[in-house]
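Q: Fold the following for me, if possible:
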Amino acid sequence: MTSAYAPPQEGDTRPIAVQVDPAFRRSEEGTDDLLDACARLQDLYRGRHFRARRSDEPFVFRYASAGDERMSLRTATFTGHLQGDVPYSKDYVVSWLRSGTATIEHHGGQLTSLGGQPFLIPSETSFSFMMTPHRNNMVHADATFLEDLATERHGGPSQRIVFDHTAAPSPEALVAWRAAISATTPAIVTEKASPLLRHEAQVTLVRAMLDLFPWQAVDVPSSLRTERTARLRVAVEYVHAYADQPITPADIARAAGMHTRTLQQAMNDHLGASPMNYLRQVRLDKAHDELVASSRDEALVSEIARRWGFGNLGRFSAAYVKRFGEYPRDTLLR
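A: Prediction:
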């Protein structure tokens, strides 16, 4: 994102720079040539192995996008069958079909579109897709923009947001999402809208997006948020998602599509910890978060420790002090 703004750090006396508003961009394209349309989409999404075949209806391809680097709204019409692979996508994307169906396969499993219900496109990982002749809408939200706004909800630093791709939006969330789309679209896609009005509309739509699906903030090092390290990032996210379960290094490796030995080497290289040591750190962090959020009159350190897999209270306390600089009981009493 184009910006001259850097968040001030504690003790920083430098003047605060003003954020530069990203430029509005609109694009439209189309063709009635099936192979040309397939190639254009592969280029747009930096995909590979895109393949298409005709359906019974005359072939039409239309694609439009409007917005800026923070957020864009897009529509696509492709009246043929389409499939392919997308190795990596940085944005957070919500899509919904006005006609047709879509099936997406990724490391977490498979999802199939349900009518006009919104669904999430996997981010920062590879996926394959198959689509029947379709007309669809998409909201592309820049990762930094969404993650910064999500700090309003989780209260921590800006971190990767891991949405639950398997969850279906509640009826209330769907109503709120559709209302937000209707209310914000004019400001997001109209070039004459003021920068402030566009920004407020984008903020509203990201907040609705965060209400649409369950999610959690995961502390993923920036060095893992690349295409080359995508599998290791998946392993890290799996640890965070299933830290309360009896998982093993083999489970983590399998979830990331890696050999256990490869996972061990990659974690040592990038995180300075073996898979089990990293899992132990995450469980300590989860226990710490629970102690911070608990009432001293209703929670017991021993129960929280056991819930996160620490059966020996003495060893738990020693590890906790080493990581957080205080005893768990002191965290609970604050």
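
Q: contacts and neighbour counts: CA atoms only from here.
A: Noted.

Q: Any idea how many residues pack against residue 240?
A: Using other Cα atoms under 10 Å, residue 240 is surrounded by 22 other residues.

Q: Check the one 5 residues further on too.
A: Counted with other Cα under 10 Å, the neighbours of residue 245 add up to 11.

Q: wait, residue 29 sits on residue 62?
A: Yes - under the criterion of Cα atoms under 8 Å, residue 29 makes contact with residue 62 at 5.9 Å.

Q: More neighbours: which of these two?
A: Using other Cα under 10 Å as the criterion, residue 29 and residue 62 rank with residue 62 on top: 16 against 12.

Q: The stretch 51-200 of the chain: helices as residue ranges?
A: Assigned by DSSP state H, counting those that start in this stretch, the stretch 51-200 of the chain shows helices spanning 143-154, 171-189, 195-212.

Q: now the angle from the second one to helix 195-212?
A: Our comparison of helix 171-189 with helix 195-212, counting by axes from the mean of the first three to the mean of the last three Cα atoms, to 10 degrees, yields an angle of 160 degrees.

Q: Leaving out chain neighbours, which residue sits closest to residue 95?
A: Once flanking residues are discounted, residue 95 sits nearest to residue 138: 4.3 Å by Cα to Cα, 6 or more residues apart in numbering.

Q: ok, that neighbour - contacts?
A: Contacts for residue 138 (Cα atoms under 8 Å, 6 or more residues apart in numbering) come out as 73-75, 93-96.

Q: Ok, residue 102 next?
A: 112-113, 129-132 are the contacts of residue 102 under Cα under 8 Å, 6+ apart.

Q: can you give me how far stretch 24-42 is from the chain middle?
A: Offset of stretch 24-42 from its chain centre (Cα atoms, centre = their mean, to the nearest Å): 26 Å.

Q: quick one: buried residues of that stretch?
A: Of all the residues in stretch 24-42, those buried under the rule 16 or more other Cα atoms under 10 Å are 24, 30, 34, 37-42.

Q: cool, stretch 288-306 as well?
A: Applying 16+ other Cα under 10 Å to stretch 288-306 flags 288, 290-292, 294, 296, 301-302, 304-305 as buried.

Q: So which of the residues you listed are in helices?
A: 288, 290-292, 301-302, 304-305 (DSSP state H).

Q: Give me the distance from the helix or strand hosting residue 282 to the chain's centre.
A: Element membership of residue 282 [criterion: DSSP states H and E] is helix 275-293. Between the centre of helix 275-293 and the centre of its chain there are 21 Å (Cα atoms, centre = their mean).

Q: For it, list the C-alpha coordinates in PDB.
A: Below are the C-alpha coordinates for helix 275-293, written out as PDB (Å, rounded to 0.1, in the frame of the first residue of the first chain):
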ATOM      1  CA  PRO A 275       7.700 -28.700  16.200                       C
ATOM      2  CA  MET A 276       7.000 -29.900  19.800                       C
ATOM      3  CA  ASN A 277       8.900 -27.000  21.400                       C
ATOM      4  CA  TYR A 278       7.000 -24.600  19.200                       C
ATOM      5  CA  LEU A 279       3.700 -26.300  20.200                       C
ATOM      6  CA  ARG A 280       4.700 -25.900  23.800                       C
ATOM      7  CA  GLN A 281       5.400 -22.200  23.300                       C
ATOM      8  CA  VAL A 282       2.000 -21.700  21.700                       C
ATOM      9  CA  ARG A 283       0.300 -23.600  24.600                       C
ATOM     10  CA  LEU A 284       2.100 -21.400  27.100                       C
ATOM     11  CA  ASP A 285       0.800 -18.300  25.200                       C
ATOM     12  CA  LYS A 286      -2.700 -19.700  25.200                       C
ATOM     13  CA  ALA A 287      -2.500 -20.300  28.900                       C
ATOM     14  CA  HIS A 288      -1.200 -16.800  29.400                       C
ATOM     15  CA  ASP A 289      -4.100 -15.300  27.400                       C
ATOM     16  CA  GLU A 290      -6.600 -17.300  29.400                       C
ATOM     17  CA  LEU A 291      -5.100 -16.200  32.700                       C
ATOM     18  CA  VAL A 292      -5.200 -12.600  31.600                       C
ATOM     19  CA  ALA A 293      -8.900 -12.900  30.700                       C
END
